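Asker: please work out how this folds:
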Amino acid sequence: MLLFDTHADTLHCLAVHKDVTPDVNMDRLRQGGVSAQTLALFVGGSSDLRDIARVFDKMFREEEKLKAAGWKQLTDYRDAVGGENAYILSVEGCDLLKDDLALLGVWRKRGIRMAALTWNYENCVGTPAKLDHTSPLKSFGREAVKEMVRLGIAPDTSHLNERGFYDLLEMGVVPLASHSCCKALCGHRRNLSDDQLRALFQAGGYVGVNFYPYFLNDDGEATIDTICDHVIHMMEMGGEKQIGFGSDFDGIECKPRGMDGPQDFPRLLSALRARGLTEPLIEGLAGRNLMAYYDRVDPR
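Answerer: Take a look at the predicted model:
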């Protein structure tokens, strides 16, 4: 069975927090049966473009170290092979684009296949949910999104505000949310409302369920069953074949009980089976749904 995770901040952890043991490593990916781990190039805790550029350079150097240690880079989820561990690059925060769309072409050549438009700072593309719900995508942001679509980089709405989310759909874009949860189950501003989930699924989009306890439950108390609650709620909103997992490992300071790293994915899949999900649904959640999303937005 193919198993994908659409978000982890492992490269940032390796580049910036060298005293911290990452949640994600090759042994744990093998134990968990993860076929392709998405590794995000995260803008980090600064809105200064010089700082962000330096952090990106460090993360690219860490990526080269992973390759030298035997990690395999994929440039398409549809090339994943069962039993083979690999990674795919994404971007979390498009601040570095500034007014230079050509950088998207550079990113695509480096294998980047999804890009979160914002993190928690307003940037040249749009406004994050952390700041407000009403600011539209910027005119440059619209041009950037069009270029992403042309290049086969999926626009990622995780962290984007609600108005920007609907602007994408009105443009006819089919985005994904690489690491998001349900606002109906946890009221955090980063989560997606039922209306957003229904609209995204109707448009053909995709959501990777985030494992951060404070996105899963208002009091921050979460277990593997809490993750299952969000999966099942998204299915009820129409996402039966359009959801998967976006753990946020190495980007979260606490984790649901029983879900400490990628080695615990078998526990999660077993819990979903216990909730009544059939094997075809499990295989979809694990990886087939994400491959189908890329078939829709970037047909070969």
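
Asker: excluding its backbone neighbours, what's nearest F265?
Answerer: G32 (3.9 Å; CB to CB, 6 or more residues apart in numbering). C-beta: built from backbone N, CA, C; applies to glycine.

Asker: one more: D260?
Answerer: When the adjacent residues along the chain are set aside, D260 lies closest to D23, with 7.3 Å between them (CB to CB, 6+ apart).

Asker: any idea how many residues pack against the residue nearest to L3 when sequence neighbours are not counted?
Answerer: Leaving out its chain neighbours, the residue that sits closest to L3 by CB to CB, 6+ apart is A286, at 4.4 Å. Using other CB atoms under 10 Å, A286 has 23 other residues around it.

Asker: ok, G45 - contacts?
Answerer: By CB atoms under 8 Å, 6 or more residues apart in numbering, the contact list for G45 is empty.

Asker: surely it forms part of a strand?
Answerer: No. Under DSSP: H, G, I helix; E, B strand; the rest coil, G45 falls outside any strand and is assigned coil.

Asker: how close does I88 sit to V209?
Answerer: Here the criterion is CB to CB, to the nearest Å. By it, I88 lies 18 Å from V209.

Asker: pick out whichever of the two has more residues nearby.
Answerer: Using other CB under 10 Å as the criterion, I88 and V209 rank with V209 on top: 28 against 22.

Asker: one step back: tell me the pLDDT at the residue nearest to D260?
Answerer: D23 is assigned 98 on the pLDDT scale.

Asker: got a list of what the most centrally placed residue in the chain touches?
Answerer: Nearest to the mean C-alpha position of the chain, by CA atoms, centre = their mean, lies S178 at 2.4 Å. If you count contacts by CB under 8 Å, 6+ apart, S178 has them with 6-7, 38, 40, 90, 114, 116, 156, 158, 208, 246.

Asker: closest to K18 out of these?
Answerer: Comparing those against K18 with CB to CB picks out A40 as the nearest, at 17.8 Å.

Asker: so the closest one sits in a strand?
Answerer: Yes. Using three-state DSSP, the secondary structure at A40 is a strand.

Asker: with adjacent residues omitted, what lies nearest to it?
Answerer: That would be E92: by CB to CB, 6+ apart, it lies 4.3 Å from A40.
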